[in-house]
Structure formats: C-alpha cells, structure tokens
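Peer 1: sharing a sequence plus its predicted fold:
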Amino acid sequence: MRFTKDHEWVSLDGDVATIGITAYAAEQLGDVVFVETPEVGKSVTAGEGVVESVKAASDVYAPLSGEVLEANTALAEAPETVNQAPEAEGWFAKVKIADASAYEALMDRAAYDAFLETL
C-alpha cells in the first residue's frame, strides 16, 4: 500500500490500483454521509469523486492516471463504511493504471506515518 500527501491510499494488484482515503483522512472528515464515486470507463488523471461528511465536503483525487474499472457503489447506500474501514471495504475505485512507476513514487507506510507527524 502507498500513500499521498492528500491522504489517499493505493493498493496495487498487477496493473489495477484500488484507491481510497486513509484512516487519518476519515478521522479528519468525521462522519461520512455521502460518497460520489467515479464512472466506470472514465479516464482519470486528477481523479474524480466527492466525499461529504457532517463537517465538510472534500474532493478525493486519483493519485495515479488510468481508466476506472470499478467503483465501490456500495458506498452510496453505506457511506459510513469509509469511516468504519477506510483502508479496506471503504475503497472508492479500482483503476487500470497507465504507468506502474508512478505507484513507486508514492509514499510507503513508514514515510506516510512520518509525514503525519509533521501535521
């Protein structure tokens, strides 16, 4: 699993990246009440998707470019899953990535944890 400074996580399986927000981001948002996932077949560069909580609305950006293969549509009926399991069942989308080397450029868990300590 890799991470961005915008608190998104990416898990790579071959050339398919599963993308969501980190536990830190879910905690900062508070209770998530709405999730809009990207359309299947859409090409993403800066990502799509909106997360709304009782505190704020926040954009979620795809950390890698590619084509959306699957969206976690279950979040429409159960947005609280993002709070309950942000780095597991609370994923937003699966994207066939265009450039696998971009994944390696993201932070690993140790680097992300160190980044969180600076906030």
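Peer 2: Structure received.

Peer 1: contacting residues for residue 83?
Peer 2: By C-beta atoms under 8 Å, 6 or more residues apart in numbering, the contact list for residue 83 reads 26, 29, 31, 32, 90. C-beta here means a position set from N, CA and C on the backbone, and glycine is covered the same way.

Peer 1: and the helix or strand hosting the first one, which residues are buried?
Peer 2: For residue 26, the enclosing helix or strand under DSSP states H and E is helix 23-29. Of the residues in helix 23-29, those buried under the neighbour-count criterion (16 or more other C-beta atoms under 10 Å) are 23, 24, 25, 26, 29.

Peer 1: surely residue 68 is in a helix?
Peer 2: No: Residue 68: not assigned to a helix; according to DSSP: H, G, I helix; E, B strand; the rest coil it is strand.

Peer 1: return the set of buried residues in stretch 15-23.
Peer 2: Residues of stretch 15-23 classed as buried by neighbour count (16+ other C-beta under 10 Å): 17, 18, 19, 20, 21, 22, 23.

Peer 1: what's the answer for stretch 105-116, then?
Peer 2: By neighbour count with 16+ other C-beta under 10 Å, stretch 105-116 contains the buried residues 106, 107, 112.

Peer 1: was I right to think the second one contacts residue 2?
Peer 2: Yes: A contact is recorded between residue 107 and residue 2 when judged using C-beta atoms under 8 Å, the distance being 6.3 Å.

Peer 1: can you name the two of the contacts of residue 83 that are farthest apart?
Peer 2: Greatest spatial distance in those: 31 and 90, 12.8 Å, computed using C-beta to C-beta.

Peer 1: compare the two (neighbour count), which wins?
Peer 2: Set residue 31 next to residue 90 and count neighbours by other C-beta atoms under 10 Å: residue 90 wins out with 23 against 13.

Peer 1: element containing the more buried one?
Peer 2: Per DSSP H and E: residue 90 is located in neither a helix nor a strand.

Peer 1: ramachandran angles for residue 100?
Peer 2: Phi and psi for residue 100, reported as degrees, to the nearest 10, are phi -60, psi -30.
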